[in-house]
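Enquirer: show me the folded form of this:
(one chain, ligands or ions: 1)
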Amino acid sequence: MRWTPGDRGNIEDMRGRTGGRAMPIGIGGFVVLLLLSWATGTDFLSLFQNVAPQNAGTSSDRATSSSPAEEQMVDFVDAVTTDAQDTWRELLGARYQPTQVVVFRDAIQSACGSAESATGPFYCPGDRKVYLDLGFFDELAQRFGAPGDFAQAYVVAHEIGHHVQNVLGLGVGESRSNSASVAIELQADCFAGIWGHAASASGRFQAGRVELEPGDADEALRAASAIGDDRLQKMATGRVMPERFTHGSSAQRVEWFKRGMDSGDPRSCDTGAAR
Ligand SMILES: [Zn+2]
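Expert: Numbering: from 1, shown residues only. You can find the predicted model right below:
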């Protein structure tokens, strides 16, 4: 991908103010607990937190230092968010209202409750913001085997896709069945592809926008495949339970991302989520 750092106008930087909560086990442990919870329906995360000490660390003594690589990552998320939002404004006109990306470390309170980094990136319909712990990108590269900047951009664009659904009243955030959840998630994948399509046009970088390079789309397809429900279930339990799918299988996630990427037309993203 080719991109230029902007003014971080889309970023709400909560890295220095997050935390304040004991993190008695590492990120890997949290991911294991999360996957277990998610696969079995039992909330192991809260079970664990109830017995864990709550006193370690305040926000002021937690690491607020950053690295050049992390700062570049914040710039990158901002650039992708700017471009994706500009794209949706071009597609939807005045109907589109911008969102913000809240960047945090370890844990944060949102209008959707408290979140740990192991939750992964998410969109909160309550305050209409995207929440992102930059550590997830390392997880994506190392644990899920999906490295690359466009893999990361796909994750951001997927969450912005949920915001688009919210703006359009497509049912995000309501309590729903697993099949309705899958339809909404696959539509967000398709919406991420819509942005990918726009960002594929040549000459964009010269115009100050994000531009994809050859091979970028493969990174997003690898990421979509890596975080399919069947793959995650297999990692967590060794079994695949389609009735517990909430995001769709790897094949479905790849398919719907491709539909958006190939067409560039939001009307091609009717996964059954729209009512
Ligand atoms: Zn989603």
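
Enquirer: could you use CA atoms for every contact and neighbour count after this?
Expert: Noted.

Enquirer: for the protein, which helix extends over the most residues?
Expert: helix 68-92 (DSSP state H).

Enquirer: quick one: mean pLDDT for that one?
Expert: In this model, helix 68-92 carries a mean pLDDT of 96.

Enquirer: then the next helix-or-strand element following that helix to PDB, C-alphas only?
Expert: Using DSSP states H and E, the helix or strand that follows helix 68-92 in sequence is strand 100-104. C-alpha atoms of strand 100-104 as PDB (Å, rounded to 0.1, in the frame of the first residue of the first chain):
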ATOM      1  CA  GLN A 100     -13.600   8.000  15.000                       C
ATOM      2  CA  VAL A 101     -11.200   5.300  15.800                       C
ATOM      3  CA  VAL A 102     -10.300   5.000  19.500                       C
ATOM      4  CA  VAL A 103      -6.800   3.600  19.800                       C
ATOM      5  CA  PHE A 104      -6.100   2.000  23.200                       C
END
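
Enquirer: tell me the helix or strand right after strand 100-104.
Expert: Assigned by DSSP H and E, the successor of strand 100-104 is strand 107-110.

Enquirer: any stretches of this protein with poor pLDDT?
Expert: Scanning the chain for pLDDT under 70 picks out 18-64, 118, 172-175, 273-275.

Enquirer: still on that earlier bit, tilt between the longest helix of the chain and strand 100-104?
Expert: When axes from the mean of the first three to the mean of the last three Cα atoms, to 10 degrees is applied, the directions of helix 68-92 and strand 100-104 differ by 160 degrees.

Enquirer: for helix 68-92, packing partners?
Expert: Helix 68-92 makes packing contacts with strand 100-104, helix 149-168, helix 178-199 when contacts are defined by 3 or more Cα pairs under 8 Å, 6 or more residues apart in numbering; DSSP states H and E.
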